[in-house]
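**Student:** here is the input, now give the coordinates:
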Amino acid sequence: MIANPFKKFAAFVLAAGLCAGAAACGTTDETTSDSAQDAAKFDVSAIVKDDALAKMLPASVRDSGELTVGMELSYAPAEFLAEDGKTPTGYDVQLSQALGRLFGLETKIVSTTFDTIVPSVGSKFDLGITAMTITQERMDSVDFVSYYKAGSMWVVKKGNPEKVDTKDLCGDIIAVQTGTVQEEEANSIKEQCAADGNKAVEVQSMKQQTDAATNVVMGKADVFYADSPIGGYAISQTDGQLEQLGENAGTVLQGIAIKKGDTELAKAVQAAMQKLMDDGDYMKILKAWGVESGAIDKAQINPKELD
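**Tutor:** Below you'll find the predicted structure:
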């Protein structure tokens, strides 16, 4: 079984505390080859090049020999670092590697913070694959190929000691990851509570989702809000210290971000993702990580229906 950032949770919390004290922790831009992929989940090396798909790529990408993918590597089980602290793993990582294999390219994961991915697509990397919800606002900046669906989940400390009520969050401290849809929703709740003259909401916007989870465990936040597979994975890996509050909120599509107007690359990625879906490799990867409930059967470019 793959190691993850929530195992040995005491050490995880200690490390987070050290980050807070240093005031300098965060994800830096680094590249890692798919040669270090973790084969214990799904053997991506079994996927072979599809010449027709490779020909669909823009020459600049095809001739470079590599497919660069931007990710925020603290979002288990989608993308995170293995126990060695340097090997990217997770279902988004393996889907990215699968795309590279189909194109006959080496996949390189570029580690960066979530909020920098959209502005960097097309310059620092070819694709952004990081459990990113497709929104109309983001589609104004990048094109998307849909590949997964997820809801949003509220997570509290076991037993809900702060008596958080999702129907009335005024007065609560909500931890979220910077740049996410959940951050936008939390800020809307904050504004509404203020407009209604109710108790103030504090929104803790964290660079990494693991920091948001840690703050709830340590009592620095009352609740954190995340994509359902992320919240569910955090709960399963914290030795009973966290639990879901209420039901999942809304199901939305997630997408692969591509430079706006790069139709050639978007069509190639759409066709390759559809092949993974049709061949069954897509589902095998999702099942390996226990997230098959979010599977979709059709990859679309800039889908009109976002839920």
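**Student:** what segments of this structure are strands?
**Tutor:** Counting by DSSP state E, the chain has these strands, from start to end: 30-33, 66-71, 74-75, 79-81, 88-89, 106-111, 127-128, 142-157, 173-177, 202-206, 223-227, 242-259.
**Student:** middle-most residue in the protein, spatially?
**Tutor:** Taking Cα atoms, centre = their mean, the centroid of the chain lies closest to Ala131, which sits 3.0 Å from it.
**Student:** isn't that one right next to Gly255, touching?
**Tutor:** No - counting by Cβ atoms under 8 Å, Ala131 sits too far from Gly255 to count as a contact (9.9 Å). C-beta coordinates here come from the backbone N, C-alpha and C atoms, glycine included.
**Student:** find the nearest non-adjacent residue to the residue nearest to the centre of the chain, please.
**Tutor:** Nearest residue to Ala131 in three dimensions, chain neighbours excluded: Ala78, at 4.2 Å (Cβ to Cβ, 6 or more residues apart in numbering).
**Student:** let me see the contact set for that neighbour.
**Tutor:** Residues in contact with Ala78 (Cβ atoms under 8 Å, 6 or more residues apart in numbering) are Gly90, Tyr91, Asp92, Thr130, Ala131, Asp227, Pro229, Ile230, Val291.
**Student:** and the fourth one, how many residues sit next to it?
**Tutor:** To tie it back to what came earlier, the one meant is Thr130. Residues contacting Thr130 under the criterion other Cβ atoms under 10 Å number 25.
**Student:** as JSON lines, the strands of the chain with mean neighbour count would be great.
**Tutor:** Below are those laid out as JSON lines (neighbours: other Cβ atoms under 10 Å):
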{"stretch": "strand 30-33", "mean neighbour count": "15"}
{"stretch": "strand 66-71", "mean neighbour count": "25"}
{"stretch": "strand 74-75", "mean neighbour count": "26"}
{"stretch": "strand 79-81", "mean neighbour count": "24"}
{"stretch": "strand 88-89", "mean neighbour count": "28"}
{"stretch": "strand 106-111", "mean neighbour count": "22"}
{"stretch": "strand 127-128", "mean neighbour count": "28"}
{"stretch": "strand 142-157", "mean neighbour count": "23"}
{"stretch": "strand 173-177", "mean neighbour count": "25"}
{"stretch": "strand 202-206", "mean neighbour count": "19"}
{"stretch": "strand 223-227", "mean neighbour count": "27"}
{"stretch": "strand 242-259", "mean neighbour count": "19"}
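**Student:** okay if I get the ones you listed as TSV plus distance to Asp278?
**Tutor:** Below are those laid out as TSV (distance: least, Cβ to Cβ, whole Å):
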stretch	distance to Asp278
strand 30-33	28
strand 66-71	20
strand 74-75	27
strand 79-81	24
strand 88-89	25
strand 106-111	21
strand 127-128	20
strand 142-157	13
strand 173-177	32
strand 202-206	38
strand 223-227	25
strand 242-259	17
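**Student:** which stretch among those strands approaches Met277 most closely?
**Tutor:** strand 142-157 (8.3 Å; Cβ to Cβ).
**Student:** pLDDT on the closest one, on average?
**Tutor:** Across strand 142-157, the average pLDDT comes to 95.
**Student:** off-centre distance for it?
**Tutor:** Taking the mean of its C-alpha atoms, strand 142-157 sits 8 Å from the chain's own mean (Cα atoms, centre = their mean, to the nearest Å).
**Student:** got the angle for that strand vs strand 173-177?
**Tutor:** Using axes from the mean of the first three to the mean of the last three Cα atoms, to 10 degrees, the inter-axis angle of strand 142-157 relative to strand 173-177 is 140 degrees.
**Student:** quick one on the thing from earlier: quick one, which of the strands of the chain gets closest to Asn215.
**Tutor:** Using Cβ to Cβ, the strands of the chain put strand 173-177 closest to Asn215, at 4.7 Å.
**Student:** and the closest one, what other elements does it pack with?
**Tutor:** Helices and strands touching strand 173-177, by 3 or more Cβ pairs under 8 Å, 6 or more residues apart in numbering; DSSP states H and E, are helix 181-195, strand 202-206, helix 209-217, strand 223-227.
**Student:** kind regards, and thank you for your time.
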